Each structure stands twice: as structure tokens, then as C-alpha cells.
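K.L.:
predicted model and sequence below, questions to follow.
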Protein chains: 2
Amino acid sequence: MDDLETRELRYFVAVAEETHFGRAAGRLGIAQPPLSRAIRRLERRLGVQLLDRDRRGVALTDAGRVLLREARAALDAVAAAERRTRRAGDPKRPLVLATKAGASHELLQRLLDELASEPDGAPIEILLCEVGEQARLLRNGRADVALMHRPFDDLAGFDTEDLFVEGQVAILPAVHPLASREQLTLADVRNVPDLPIARWPRLDGSYPDGPGPEVHTQSQLAQLVALGRTLLVIPASSRAWQWPEHVAVPVVDAPDVTTVIAWPPSSHSQAVASLVRSAAGLRGSALGPWAESASP
Amino acid sequence: MDDLETRELRYFVAVAEETHFGRAAGRLGIAQPPLSRAIRRLERRLGVQLLDRDRRGVALTDAGRVLLREARAALDAVAAAERRTRRAGDPKRPLVLATKAGASHELLQRLLDELASEPDGAPIEILLCEVGEQARLLRNGRADVALMHRPFDDLAGFDTEDLFVEGQVAILPAVHPLASREQLTLADVRNVPDLPIARWPRLDGSYPDGPGPEVHTQSQLAQLVALGRTLLVIPASSRAWQWPEHVAVPVVDAPDVTTVIAWPPSSHSQAVASLVRSAAGLRGSALGPWAESASP
DNA sequence: CCGGCTGATACCTGCTGGGTATCACAGTCC
DNA sequence: GGACTGTGATACCCAGCAGGTATCAGCCGG
């Protein structure tokens, strides 16, 4: 009873994602027959059918879906082991901080200033992410630490420290009727006929129904906002990611957003600990400038 | 630049744990030379020295310690992928519930009764663990769900639901002077000369200093208590794990212990969700009998 | 019914994981 | 000091299997 090998997991993930042996083989840089064999042997070894071969592509079985999820997690863990070990062996390893592009801009600025001013500061590398990408980067070791946002991001599996709490604002074209309001509610901004809220893909890649445009990157969204095609509700501090022709109006009943600094619980790194300490140190001093924009 | 294979990780973990190529090879069921080669190639591929060969066994480098930790996590994830997939393919899969032997006995009893009375209940298998073992079992897929205890167990990386809160009691021989007290404090029970508190191994396997006996299993501890050689402070409900000649005295300033039900956040299993729902349902009804023993 | 998809099969080849035998080196014991 | 012991490293061989090419076998759309 020998273990699964990561190669087999990679192969399976490729097939499951492409639902097509030929394409998966191409992506893996091997020929199709060995791939078929490998998957077949994997099924035999597990004693479980993973794919329904349907003479027109393949479909995942229930067990296949379980393995897809678990295999991704396992491969992330293996990749993390590799990267973290490499970094541990590199004497002048820069810390990698992942953060959502455009979010918590000023906090990040202050954090970097703070770190630069510290004498023993390790070099920091910033990795700007699309939404929800930080968790993956932490899990697979591409990043050492991340700025994330509750309740948006999935923080399961990480150690975190809250940095600050803020309200949300609606971003509207300055000429829009709602732009002159002092404050708004979620009911106001939902179902504005000429500014439908954009739809992000779900985890499985499909889009929810609704009138708004489909987006899957922040730059798409930014452009749609600039064009006046969509209404955006974001944390007040994200105004740094700003449009000159737009105004921000507080949405009083939108849930508060907490910016947290997160790191893998296994991290025994001195550098990560000191970075977290620096970040937590900003908590008291730096609240003012942006938290104000959220208060009524 | 090919990935690490699980075989290489297993090999490295074996060598790191044994700090000896020969013994590690024996444990792995292979000869020593291929093992040396494999580790050497691993080091070359990672570009990092993992071991200091010292002509008298081997020692881990810093990078080696990082890889040991990460490799264990990765291997757990791979093992979990394998087990969970197998279980997903098995139609009449019993759910595996891990719980500390002797703890939360009555809660467990009620939970099982509850589940047995439900018509659509999946079969449940109970896995009794030593302290702290549940997390590992959840992580590597041997268990689907676990009863754990805050603040003792490390809950990082799991979804949890609190089940109930209780105080702690000191277990003392009935004839001991302290046994007649109505209540005790931590100051009372620490440094009782004739009943020193037992010492558990740390994560690295070494024992903290102190006068008490060293233990690493619950049965060892139980016997030492029965022999009147050690004083024990445990959650009130653990009195089910009882000694006839002993009494339990509340320790009023010991931290409260919360019994939680925990499961891997990736678990999309219907069966796990329904078990958690059943457990949460007991919360209101079943508090009385044992929570009382903790209240003053 | 044919052509173009799909994945499966057959068969060959070369890499590499694993085995045995042996070496090189450092303590240790007499 | 020299033989001994125990460590990991090296040398060499073999076999298994990952991967390639060529081909087959169903199933669809035209």
C-alpha cells in the first residue's frame, strides 16, 4: 500500500480541471497515453472511480470532486514545503507580503515606512493580488504574510491579528443623483437601475445571476467604475484606489471591514513575528486619517 | 524544475526523525545507500543544505528543521486526500469521530444517543485519542470530526462550534488534607509537596523541569493518580474518568474549558454537517448535569 | 456512412529507484 | 599504535515503470 505521489495528484488535478485528457496532457507537457494510464492506476489504487469517461470528454464523480479539492490542498502544502525550505536556506531572504491591489493602501504605506525605519529590518517584497488570492499564496508558500479583509477573505487556517476596522463607502459618478446624499443604505445601492453591482465568479467559476457586468479582475472592475457602468461598495480606505470623477458616500449599514494581518500558523520565523509586531504597533497611531471617512 | 515527490518527503522525515541514515532506511524498508542518494539529490534540487553529516549521525540545519515541519504537514495533506477520497467512494462510509479518551464522556454519550435515534443517521465510529492527537487525525484524514478542548488543543485551521463551557476540578485522594476543602485555587494546587503535578512532553519530546513525574499517555497518568502520586486538574466533566478513592474539588481560578466540535474547513460532507448540527442541538438541553459540578 | 473527435491499448525505450559490495573516515578499545 | 566498529558515501548492476509513438475503438455530426 504505497502512498500517492505528487505527480499523480498533479496529473489528476490537470485532468479534472480540463475535463479532457488531451488538453491536460498538453498542459503537463506529456503525451496523452501515459496520462490515461496514470489516472487509471490512481483509480485502481484508491479503489474508487474518479472520472466518468463519457466518450465526449470526462466528468468528475463525487469522489473525484473530493480528490480535486484535497489534492489542491496537498499540492499547495508540498509547494509550500519546497518554497519555505528554499527561503530558509537563503541567508538574505526577503519577506513576501501579499496584499489586495488597491486595498489598505495607506496602511501598507505606513507599514513599509515603519519597517524601513527599523534598523534590523529584513527587506520586504510586495505581492499585489487579485481578490481572494492571498490565502492561496500563503498556503503554497509564495507569500510569508498577507493583509486580508474580514469578512471578505477566508481566514480559516491562518493566525491573524486585527489591524483596524472601517466602514464601507459607495463609489458613484459625481454627476449621479445618489452622489449628493450624505449617506446611503444597502437598500439604496442595491438595484440602482443604471448602476448595477458587478458580479464576481463563484469558487467554481460560474457567475451568479443578476443585471450587473461580470468581472474577475480588479482592473476590469476599476475600468467599469470609471466608465460609470457599475456601482461599487468598498472599504473606506480603498478610496486610495481612486477615480477623479467619482465621489464616495458612506453606506451606513454595510458590514464593517476589518483589515487583518495573516500568516501561516506554522511560521516560526523571527522575521514574520517582527513584521506582525510592527504592524500591530501601527494600530493605535494610524487610525485617524482613513477611519474618519467611515464615521458618519 | 520538477516538484518534490512525497517519497522524498517521507525519506527526509524519516532521516530527520532518526538522525541516522541506517535506522531511517530500516524504518522505510529500503537499504541505506539509496536513501543517502535520495536525500543528497533533494538537497541539490532545493539548493539548500538540510543535514550536517557529522561522522557520528546527522544533525538538522535550520532549513532542515523548516522542511521537517513543512514536510509533515504536506504528508498529512496527502494522506488526507487519499483517505477522504477512499471514503467518498465507499457508499456506507462510517463517520469517524476523534475524541480524547475519558474527556467529555457524558456529552459523547448523549451525542451518540441522539444520533442513534435519528432515522437517517450515518454510522459513527469513535476513535479515542491521546492528548493533542485529534488535530493530527483531522489533518491527515483519519478522522472526519473531533471533540476538542479550548484552550488546551490547537484549533488553528479547523472550523469549530462551541458545545459547552465548564470549570476545572482538582482530583485528590480522599484522605488528602486538601480534599476536604470546598474549593481551591491554582496557588493551592501548584507546589503541593506530596502531590506534584505531572509533566507532559513538549512538542519536541523533551520534558519541562519540575518535581512531578513524567507522563506521556493518559493511562500512565490515570495510574499515577490512582497511586496517589500526582495531583490532577481537569475539566469537571472528565470526572467520568473516575477513581473511586478520590474526590474532585473545584479550582475556582483555573481557566474555563470549552468543549468544541471541530472539523476540517474543507469538509463539504453532508454527514459531517448533520453531525455538527446534532451536536450543537445538545448545547441547550444537556448543560445541566455536569456544568453544575463546576459552578461554586 | 464517413471523418474527426474522444480515451484506451500495445509495445518499445531509457531513466532512475533500489539492491549488493565496498570504501573512507573517525572515534574507541586493547 | 593498530585492529575494530560504526558512520555515511561511492560504484556498479538490475528491473520496473514513466513516457513516447503508433494504433485501436467507440461515438458523434454531417
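P.N.:
Yep, it's here. Everything quoted here is computed from the prediction, not taken from an experiment.

K.L.:
what residues does the stretch 1-150 of chain A have near DNA strand C?
P.N.:
Counting by C-beta under 7 Å from any atom of the strand, the stretch 1-150 of chain A comes close to DNA strand C at A:19-22, A:32-33, A:36-37, A:39-40, A:53, A:55-58. Backbone N, C-alpha and C define where each C-beta goes, glycine included.

K.L.:
redo that, cut-off 10 Å
P.N.:
By C-beta under 10 Å from any atom of the strand, the part of the stretch 1-150 of chain A that sits against DNA strand C consists of A:2, A:15, A:18-25, A:31-40, A:43, A:51-59.

K.L.:
return the list of helices and strands in contact with whichever strand or helix holds A:Pro33.
P.N.:
Using DSSP states H and E, A:Pro33 falls within helix A:32-46. The criterion is 3 or more C-beta pairs under 8 Å, 6 or more residues apart in numbering or on different chains; DSSP states H and E, and the helices and strands that helix A:32-46 contacts are helix A:6-18, helix A:21-28, helix B:62-89.

K.L.:
direction included, what does the helix or strand just after it pair up with?
P.N.:
Tracing the chain C-terminally past helix A:32-46 and defining elements by DSSP H and E, one meets strand A:51-53 next. The strands beside strand A:51-53 in its sheet (DSSP bridges) come out as strand A:58-60 (antiparallel).

K.L.:
near DNA strand D, anything from the partner strand?
P.N.:
No: with C-beta under 10 Å from any atom of the strand as the measure, strand A:58-60 is seen stopping short of DNA strand D, the closest distance being 13.1 Å.

K.L.:
show me which residues of that strand are buried.
P.N.:
Within strand A:58-60, the residues scored as buried using 16 or more other C-beta atoms under 10 Å in any protein chain shown are A:58, A:60.

K.L.:
ok, stretch A:50-57 next?
P.N.:
A:50-51.

K.L.:
hmm, who's touching it?
P.N.:
Stretch A:50-57 is contacted from outside by A:12, A:15-16, A:19-20, A:39, A:42-43, A:58-61, A:63-64, A:67, B:85, using C-beta atoms under 8 Å, 6 or more residues apart in numbering or on different chains.

K.L.:
repeat that with 7 Å
P.N.:
Residues from elsewhere that reach stretch A:50-57 (C-beta atoms under 7 Å, 6 or more residues apart in numbering or on different chains): A:12, A:19-20, A:39, A:42-43, A:58-61, A:63-64, A:67.

K.L.:
gap between the two ends of that stretch?
P.N.:
Using C-alpha to C-alpha, to the nearest Å, the end-to-end distance of stretch A:50-57 comes out at 14 Å.

K.L.:
average pLDDT for it?
P.N.:
This predicted structure assigns stretch A:50-57 an average pLDDT of 78.

K.L.:
over to stretch A:93-108?
P.N.:
The predicted model assigns stretch A:93-108 a mean pLDDT of 84.

K.L.:
end-to-end on that stretch?
P.N.:
End-to-end distance for stretch A:93-108, by C-alpha to C-alpha: 20 Å.

K.L.:
so A:Gly102, which of the three states?
P.N.:
Counting by DSSP: H, G, I helix; E, B strand; the rest coil, the backbone at A:Gly102 sits in coil.

K.L.:
separation between it and A:Leu147?
P.N.:
Here A:Gly102 is placed at a distance of 12 Å from A:Leu147 (C-beta to C-beta, to the nearest Å).

K.L.:
between the two, which one's more packed in?
P.N.:
Regarding A:Gly102 and A:Leu147, a neighbour count based on other C-beta atoms under 10 Å in any protein chain shown identifies A:Leu147 as having more, with 23 against 18.

K.L.:
need phi/psi at the closest residue to the more buried one other than its chain neighbours.
P.N.:
Excluding the flanking residues, the one nearest A:Leu147 by C-beta to C-beta, 6 or more residues apart in numbering or on different chains is A:Thr99, at 4.1 Å. In this entry, A:Thr99 is assigned phi and psi values of phi -150, psi 150 (degrees, to the nearest 10).

K.L.:
who's A:Thr99 bridged to?
P.N.:
Per DSSP bridges, residues listed as beta-bridge partners of A:Thr99: A:Leu128, A:Leu147.

K.L.:
that one - how many residues pack around it?
P.N.:
For A:Thr99, the count of nearby residues is 24 (other C-beta under 10 Å).

K.L.:
stretch A:64-78 and chain B in contact?
P.N.:
Yes: applying C-beta under 7 Å from any C-beta of the partner chain, one finds stretch A:64-78 in contact with chain B at A:66-67, A:69-71, A:73-74, A:77-78.

K.L.:
correct me if wrong: the residue nearest to A:Leu147 contacts A:Leu107.
P.N.:
No: judged on C-beta atoms under 7 Å, A:Thr99 makes no contact with A:Leu107 at a distance of 9.1 Å.

K.L.:
any residues in contact with both of these two?
P.N.:
If you check A:Thr99 and A:Leu107 against C-beta under 7 Å, 6+ apart, no residue is contacted by both.
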